[in-house]
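[1] prediction below, plus the sequence it came from.
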Amino acid sequence: MIWNLILEEKFGLKLDKVIHANNLIEALDKVSIPEGYFFREKKELVRFLRENFSEYGYIRVLSVGCGRGEEVYTIAYLCRTMNIECDVVGLDISMKNLMIGRSGIYTSFSLRGMKENFLTKWGSLWRVPSDLQKNSHFVLGNLMRLPFKDKSFDAVICRNVLIYISRHRLNEALNEMRRVGKKLHLGIFDNLLLKNEGINLTTL
């Protein structure tokens, strides 16, 4: 199938089945895995922000593979609790995911497991406060070819995304994130994957 070839060559995606789609946007929506929720891996994220940016007055953060945007708003909220001004950019290959992120409106599914809730009730749904939306931005883009200049961000956060990238292109993806960001934070499963593949971040 032509879309399988394009998704592998252009986006580096690991595919194990034929993608039936009529156009590229539809194909990207089909392979996107919007598995996210607020405060996912919160402890590790808080530690990363505190250890690297507690003395900063302002930071720019890129969330790669942001899905529906829960992580983008989580980062913005956590920075606010640490008195760090920030702009957070969420990047994803799925237009459908980005539309949800830009709306800032979520179902209870995205709130599962939350012990602190910064969202406001909106009928049967939940809405992100406008002050957090103001500094949160969403961009359609490809991890393998990030549409940003070198060192555009103080931090690049990529959590549980590399597990969907073809193994022979992992170094390429990591190098691209290191190109645009000064600090890189990966998810638990991404770190396990790199360890199993024998990839050492310090050598990139």
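    Alright, I've got the coordinates.

[2] what sits against Gly181?
    Shown in contact with Gly181 (C-beta atoms under 8 Å, 6 or more residues apart in numbering): 62, 151-156. All C-beta spots, glycine's among them, are computed from the backbone N, C-alpha and C.

[3] any chance of those residues in CSV with neighbour count, pLDDT and secondary structure as columns?
    Formatted as CSV, these follow (neighbours: other C-beta atoms under 10 Å; pLDDT from 0 to 100; DSSP: H, G, I helix; E, B strand; the rest coil):
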residue, neighbour count, pLDDT, secondary structure
Leu62, 28, 98, strand
Lys151, 12, 97, coil
Ser152, 16, 97, coil
Phe153, 23, 98, strand
Asp154, 19, 98, strand
Ala155, 22, 98, strand
Val156, 26, 98, strand
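
[4] packing partners for the host helix or strand of Leu192?
    For Leu192, the element it lies in under DSSP states H and E is helix 188-196. If you count contacts as 3 or more C-beta pairs under 8 Å, 6 or more residues apart in numbering; DSSP states H and E, helix 188-196 packs onto helix 170-180.

[5] pLDDT below threshold where in the chain?
    1, 3, 17, 34, 202-204 (pLDDT under 70).

[6] which parts of it are helices?
    Listed in chain order, the helices of the chain (DSSP state H) span 2-11, 24-31, 42-53, 70-81, 95-103, 130-134, 170-180, 188-196.

[7] tell me the domain boundaries of this protein?
    1-31, 32-203 (automatic domain parsing).

[8] and the contacts of Gly181, which is closest to Lys121?
    The shortest approach to Lys121 among the contacts of Gly181 belongs to Leu62, at 30.1 Å (C-beta to C-beta).

[9] who is that closest one paired with across the strands?
    On the basis of DSSP bridges, Leu62 is bridged to Val89, Val156.

[10] so it touches Pro147, yeah?
    No - the pair Leu62 / Pro147 is not scored as a contact, 10.7 Å apart, by C-beta atoms under 8 Å.

[11] between the two, which contacts overlap?
    Counting by C-beta under 8 Å, 6+ apart, nothing touches both Leu62 and Pro147.

[12] can you say which of the helices of the chain is packed in most?
    helix 70-81 (a mean of 23; mean count of other C-beta atoms under 10 Å).

[13] can you show me the CA trace of it as CSV?
    Coordinates of each C-alpha in helix 70-81 appear next as CSV, following Å, rounded to 0.1, in the frame of the first residue of the first chain:
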residue,chain,number,x,y,z
GLU,A,70,-3.2,16.9,27.5
GLU,A,71,0.5,16.9,27.9
VAL,A,72,0.8,20.5,26.6
TYR,A,73,-1.6,21.8,29.2
THR,A,74,-0.1,19.7,31.9
ILE,A,75,3.4,21.2,31.2
ALA,A,76,1.9,24.7,31.2
TYR,A,77,0.1,24.1,34.5
LEU,A,78,3.2,22.6,36.2
CYS,A,79,5.4,25.5,35.1
ARG,A,80,2.8,27.9,36.5
THR,A,81,2.9,26.1,39.9
